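S.K.: Fold the stuff below for me.
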Amino acid sequence: MAVALVPAPALAASADVSATEAYVRANYALVSSAHAKLGVAEAILQALLHRVRRECPQVAAGSPQNVDSEQLTFELVGEMRLAATRPNAGAVTKFAKTVAKLHWSSGALNAAVRSYAATLLEQSRLAVPDVCAEVRAWAAGGFQTLPEGTQRFNRAMPEYVAMGMLPTRLIAPYVTSSQRGLLQRTRHFEEDISEVEAFAVETWGSIMDALLLNP
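M.R.: As a prediction, this is how the structure comes out:
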């Protein structure tokens with residue numbers, strides 16, 4: 001009876017604030033998980049570099065720089081991203097389940113959050129390719145035919161999304177002062193993650209050099 005007497009905009013605003021509170025916390029948990037596993041991610045990428053140097057050094061020696069080499073480079077970047085974020089698969093699943101239950105009065109905000117969660121979940125479930133096997137197969141064919149595995153992976157790989165997303169402009173009207181501290185900690189974690197991702201570019205270059213693959 002009392003709820004029926006509350007104007008619809010007030011009910012919508014209350015629901016929007018509640019959904020935002022839940023999303024901010026879920027997003028923080030996701031970013032916090034990625035931040036806690038930064039050392040693990042770095043170790044995984046270094047292990048990939050060592051494996052390439054051990055198992056398939058200079059396998060692309062004499063290869064051309066063309067569309068196929070670009071596709072193999074794209075696959076390597078995808079492998080590195082998937083391998084480094086795979087330890088967060090559980091956090092991604094939990095985040096996606098939480099987001100699926102949330103709803104705002106803004107259709108644009110609903111679409112942005114759901115699209116991000118769906119892409120992140122799809123990304124977390126893709127099988128990690130094997131760069132040594134793919135480049136070796138390309139070399140075995142005289143660098144004439146792009147391996148089917150590379151083509152299949154590149155078709156399946158969605159546009160990369162980072163761990164954590166806050167649609168600032170859309171969600172700003174529903175953020176309360178009590179959430180500012182959590183948002184600040186989230187931003188700090190994201191900055192640390194970005195620094196590690198920047199360092200990963202050096203590892204990527206070392207892997208390319210080890211393979212003798214032209215981007």
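
S.K.: low pLDDT regions in this structure?
M.R.: Scanning the chain for pLDDT under 70 picks out 1-12.

S.K.: so where do the helices sit in it?
M.R.: 2-5, 8-36, 38-55, 67-85, 89-100, 107-125, 131-140, 148-156, 168-171, 180-211 (DSSP state H).

S.K.: is it possible to export those helices to a markdown table including mean neighbour count and distance to Ala61?
M.R.: Yep, even glycine has a C-beta here, placed from its N, CA and C like the rest. Listed next are the helices of the chain as a markdown table, based on neighbours: other C-beta atoms under 10 Å; distance: least, C-beta to C-beta, whole Å:
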| stretch | mean neighbour count | distance to Ala61 |
| --- | --- | --- |
| helix 2-5 | 6 | 72 |
| helix 8-36 | 17 | 36 |
| helix 38-55 | 15 | 13 |
| helix 67-85 | 20 | 13 |
| helix 89-100 | 17 | 36 |
| helix 107-125 | 17 | 32 |
| helix 131-140 | 19 | 8 |
| helix 148-156 | 15 | 18 |
| helix 168-171 | 14 | 47 |
| helix 180-211 | 15 | 9 |
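
S.K.: which one of those helices lies closest to Ala162?
M.R.: Closest approach to Ala162 among the helices of the chain is made by helix 180-211 (7.2 Å; C-beta to C-beta).

S.K.: If I take that closest one and helix 38-55, what angle do their directions form?
M.R.: 10 degrees (axes from the mean of the first three to the mean of the last three C-alpha atoms, to 10 degrees).

S.K.: from the chain's centre, how far out does helix 180-211 sit?
M.R.: Relative to the centre of its chain, helix 180-211 is centred 12 Å away, using C-alpha atoms, centre = their mean, to the nearest Å.

S.K.: ditto for stretch 15-34
M.R.: With C-alpha atoms, centre = their mean, you get 17 Å for stretch 15-34.

S.K.: burial of the closest residue to Arg81 other than its chain neighbours, as a residue count?
M.R.: Closest residue to Arg81 apart from its sequence neighbours, by C-beta to C-beta, 6 or more residues apart in numbering: Tyr160 at 5.9 Å. Counted with other C-beta atoms under 10 Å, the neighbours of Tyr160 add up to 13.

S.K.: Tyr160 against Glu122, yeah?
M.R.: No. Using C-beta atoms under 8 Å, Tyr160 is not in contact with Glu122, being 11.1 Å away.

S.K.: For the residue nearest to Arg81, list the residues it contacts.
M.R.: With contact taken as C-beta atoms under 8 Å, 6 or more residues apart in numbering, Tyr160 is in contact with Gly78, Arg81, Gln123.

S.K.: wait, isn't Gln58 in contact with Ala210?
M.R.: Yes. Contact criterion C-beta under 8 Å: Gln58 and Ala210 qualify, at 7.4 Å.

S.K.: Can you list phi and psi of Lys101 for me?
M.R.: Per-residue torsions, Lys101: phi -90, psi -10 (degrees, to the nearest 10).

S.K.: residues in contact with it?
M.R.: Counting by C-beta under 8 Å, 6+ apart, Lys101 has contacts Ala22.
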